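Enquirer: predicted model and sequence follow; I will ask about them next.
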Amino acid sequence: MVKDFKARGVPIDCVGFQAHFNSGNPVPSNYDVTLRNFADLGVDVQITELDIEGSGTSQAEQFRGVTQACLSVARCTGITVWGVRDSESWRASGTPLLFDGSGNKKAAYNYTLDALNAGSGTTDPGTNPTTSPTQNPGNGTGTCTATYSEGEKWNDRFNGVVTIRANGNISGWSSTVTLQGSQRIIATWSGTPSWPSANVMVMRGNGGLSNGQTASFGFTVQHGGNWTWPTVSCAAS
């Protein structure tokens, strides 16, 4: 419908997703693909009525997954949670929000905040600020290296983080992530991904790095029973 309307000149700027999930209708593993498919039609996308029934880690992981899915799509411009406290939800018995009935932060709140901080590049105030790509050195002749580190793990998926280090001034970088076997990436953050093939992702950074500076990006892999780490490499420009 969106493709057809836009082809006929109907002004559509954004598509919203209500996103009411529960045990019978959980967050899909390819939710990021759905958002991206709409964004590729030339519209912004937003998650407009998010609530996820459940509790504990299971609920928290689904909130984080939705947040990561939005962060992975450049044109996903907002997430609205459909209520504040569980007791005020339209389906209060399912405890679907980020705060309990007394206004206390739930695990879902913390997991969502962690995903937002990772996606925005927020760091601990005590972290050496030179690890953040705050400068654009212009045209550079340096090289870069990519290092993979393991993140959180669940039964069906795991997170990975790639750190890019500039060896000399570089004006830009891209990193190639090659998956193993039946693995596939279901969410990314802190970069602009493209997909040359089903098991290869190329992540491009935003801006340049001065000599010794680092940048990082992350992704979630649905492993399909294969826990082998992806291989990573870096190319500078």
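Expert: Looks like it arrived, so ask away. Residues are numbered from 1 along each chain as shown.
Enquirer: only C-alpha atoms from now on, for both contacts and neighbour counts.
Expert: Noted.
Enquirer: now the helices for the chain?
Expert: 2-7, 31-39, 56-71, 107-120 (DSSP state H).
Enquirer: tell me which of the ones you listed lies nearest to Ser23.
Expert: helix 56-71 (9.6 Å; Cα to Cα).
Enquirer: can you put the helices of the chain in CSV and add mean neighbour count and distance to Arg204?
Expert: Listed next are the helices of the chain as CSV, based on neighbours: other Cα atoms under 10 Å; distance: least, Cα to Cα, whole Å:
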stretch, mean neighbour count, distance to Arg204
helix 2-7, 12, 28
helix 31-39, 18, 17
helix 56-71, 22, 15
helix 107-120, 18, 14
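Enquirer: to Gly24, which of the ones you listed lies closest?
Expert: Comparison of those against Gly24 by Cα to Cα identifies helix 56-71 as nearest, at 13.1 Å.
Enquirer: could you dump that closest one to CSV, C-alpha only?
Expert: The C-alpha trace of helix 56-71 is given here as CSV (Å, rounded to 0.1, in the frame of the first residue of the first chain):
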residue,chain,number,x,y,z
GLY,A,56,11.8,-10.6,34.1
THR,A,57,14.6,-11.3,31.7
SER,A,58,12.3,-12.6,28.9
GLN,A,59,10.3,-9.4,28.8
ALA,A,60,13.5,-7.3,29.1
GLU,A,61,15.2,-9.0,26.2
GLN,A,62,12.3,-8.4,24.0
PHE,A,63,12.2,-4.7,24.9
ARG,A,64,15.9,-4.5,24.1
GLY,A,65,15.4,-6.4,20.8
VAL,A,66,12.8,-3.8,19.7
THR,A,67,15.1,-1.0,20.7
GLN,A,68,18.0,-2.4,18.8
ALA,A,69,15.9,-3.0,15.8
CYS,A,70,14.9,0.6,15.7
LEU,A,71,18.5,1.7,16.2
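Enquirer: which other helices and strands contact it?
Expert: Helix 56-71 sits against helix 31-39, strand 44-52, strand 76-81, helix 107-120, strand 184-189, with contacts defined as 3 or more Cα pairs under 8 Å, 6 or more residues apart in numbering; DSSP states H and E.
Enquirer: between the ones you listed, which one is closest to Asn211.
Expert: Per Cα to Cα, nearest to Asn211 of the helices and strands packed on helix 56-71: helix 107-120, 22.4 Å.
Enquirer: what number of residues are in the vicinity of Trp97?
Expert: Check again: residue 97 is Leu, not Trp. 31 (other Cα atoms under 10 Å).
Enquirer: if I pick it, what's in contact with it?
Expert: Neighbour list for Leu97: Asp51, Ile52, Glu53, Val81, Trp82, Gly83, Val84, Arg85, Asp86, Ser89, Ala108 [criterion: Cα atoms under 8 Å, 6 or more residues apart in numbering].
Enquirer: same thing but 7 Å
Expert: Contacts for Leu97 (Cα atoms under 7 Å, 6 or more residues apart in numbering) come out as Asp51, Ile52, Gly83, Val84, Arg85, Asp86.
Enquirer: mind checking how far it is from Ala74?
Expert: 25 Å (Cα to Cα, to the nearest Å).
Enquirer: most centrally placed residue in the protein?
Expert: Nearest to the mean C-alpha position of the chain, by Cα atoms, centre = their mean, lies Gln68 at 3.0 Å.
Enquirer: quick one: low-confidence ranges for the protein?
Expert: 119-141 (pLDDT under 70).
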